[in-house]
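K.L.:
Sequence plus the predicted model coming up.
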Amino acid sequence: MVFKKMLSAFGVGGPSVDTVLANPNTRPGLALDGHVNLVGGDAPARIEQISVGLVTRVEIEGGDTEYAGVMEFHRMPVSGAFELAPKQQLAIPFQLPVPWETPVTDVYGQRLHGMTMGLRTEVAVARAVDKSDLDQVSVHPLPIHERILDAFQALGFRFKHADLERGHIYGVPQTLPFYQEIEFFAAPQYAQTVTEVELTFVTSQQGVEVILECDKRGGFFTGGQDVFGRYSVPHSDAARTDWTPVVDGWLRETTSRYGGLRAQGFGGPGHYGAPGQYGAPGHYGAPGHYGAPGHYGAPGHHGRRGPGMGGVVAGAALGVAGGLVAGEMMDDAFGGDDGGDDGGDFGEE
């Protein structure tokens with residue numbers, strides 16, 4: 001009996017967990033529906049809590065180095081404490097709201113190169129090793145995101161890479177501790193002015209803040225510099241605006257500036273008025289308006305399971321070694337690289 005208790009403390013013969021999502025595809029502002037399937041082990045177990053959370057890989061700067069760490073940025077309890085009998089089977093439903101600022105991972109049905117997103121399930125077991133499960137999640141763009149990305153492609157920009165940077169953008173309201181940068185090689189008509197453009201969306205229920213960072217080429221007597229532009233757009237403008245000339249105007253306005261605008265909140269008000277002033281919420285405001293998460297295909301089982309990740313590993317608490325280990329765990333869980341080649345369209349080969 002003592003030996004069995006010792007084995008149970010190390011997770012041998014203990015409960016097992018497997019989370020199944022109704023559909024791993026979602027969008028910011030919607031929700032992920034699923035069930036946590038729990039099976040009791042060889043002995044009774046005291047379950048202290050079951051929770052689910054969204055995790056992703058974030059670039060973290062530490063001194064002169066930059067490394068990738070895995071951050072849990074949104075968590076919700078699924079169940080409180082209860083007793084799990086030996087071999088007992090439970091299916092516990094949940095609906096996890098997806099934050100509006102959740103970064104986009106998939107565009108045009110392709111995974112953005114550099115992006116990883118997962119749903120982590122944690123089962124806290126009293127006096128034993130906690131159990132966990134990790135499931136791949138795909139976050140698709142909202143209509144306003146799609147229209148702006150379409151405009152970049154129509155203007156001839158080629159997708160390069162996407163990642164998440166830990167930190168906050170000056171003057172932009174953020175609820176998450178990171179922001180997404182979608183990087184493009186400059187289109188031919190801008191090539192003499194800029195080398196690359198980085199696009200950031202900071203989304204809320206009312207609309208989106210669009211931040212442009214242009215890597216401006218240096219002149220004969222001047223060095224290169226980064227210039228910034230910020231523009232506020234309501235969701236309601238998605239379908240009623242010709243976005244190609246609008247984005248072209250943003251880029252030309254931004255690249256006409258000089259550097260040093262970051263500390264000034266990216267300069268003056270953008271094309272759609274003062275930053276943050278969206279007016280009345282658009283018709284995309286209410287979660288669920290885009291339809292059930294089955295829109296992208298038939299519901300299916302989650303991706304390949306991987307080992308659990310203990311706790312939140314982000315910020316100053318995460319060292320370089322910890323970040324590398326966590327990153328490898330995400331790679332193992334999701335089958336390695338995120339797909340897509342550098343250069344070209346969004347993830348297309």
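P.N.:
That came in fine, so what should we check first?

K.L.:
could you say what helices and strands the longest strand seen in the chain packs with?
P.N.:
Determined from DSSP state E, the single longest strand within the chain is strand 45-62. Using 3 or more C-beta pairs under 8 Å, 6 or more residues apart in numbering; DSSP states H and E as the contact test, the elements touching strand 45-62 are strand 31-39, strand 65-79, strand 82-84, strand 89-97, strand 117-125, strand 158-166, helix 320-334. (Each C-beta comes from the backbone N, C-alpha and C, glycine too.)

K.L.:
Kindly reformat those as JSON lines containing mean pLDDT and distance to residue 146.
P.N.:
Converted to JSON lines, those look like this (pLDDT from 0 to 100; distance: least, C-beta to C-beta, whole Å):
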{"stretch": "strand 31-39", "mean pLDDT": "97", "distance to residue 146": "20"}
{"stretch": "strand 65-79", "mean pLDDT": "92", "distance to residue 146": "23"}
{"stretch": "strand 82-84", "mean pLDDT": "96", "distance to residue 146": "43"}
{"stretch": "strand 89-97", "mean pLDDT": "98", "distance to residue 146": "21"}
{"stretch": "strand 117-125", "mean pLDDT": "96", "distance to residue 146": "18"}
{"stretch": "strand 158-166", "mean pLDDT": "96", "distance to residue 146": "14"}
{"stretch": "helix 320-334", "mean pLDDT": "43", "distance to residue 146": "24"}
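
K.L.:
any idea which of those is most buried?
P.N.:
Ranked by mean neighbour count, the helices and strands packed on strand 45-62 are led by strand 117-125 with a mean of 23 (mean count of other C-beta atoms under 10 Å).

K.L.:
hang on, the earlier thing: is it possible to get TSV of the helices and strands packed on strand 45-62 that adds distance to residue 232?
P.N.:
What follows is the helices and strands packed on strand 45-62, written out as TSV (distance: least, C-beta to C-beta, whole Å):
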stretch	distance to residue 232
strand 31-39	26
strand 65-79	24
strand 82-84	47
strand 89-97	24
strand 117-125	26
strand 158-166	21
helix 320-334	33
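
K.L.:
do you know which of those lies nearest residue 212?
P.N.:
Of all the helices and strands packed on strand 45-62, it is strand 158-166 that lies closest to residue 212, at 14.7 Å by C-beta to C-beta.
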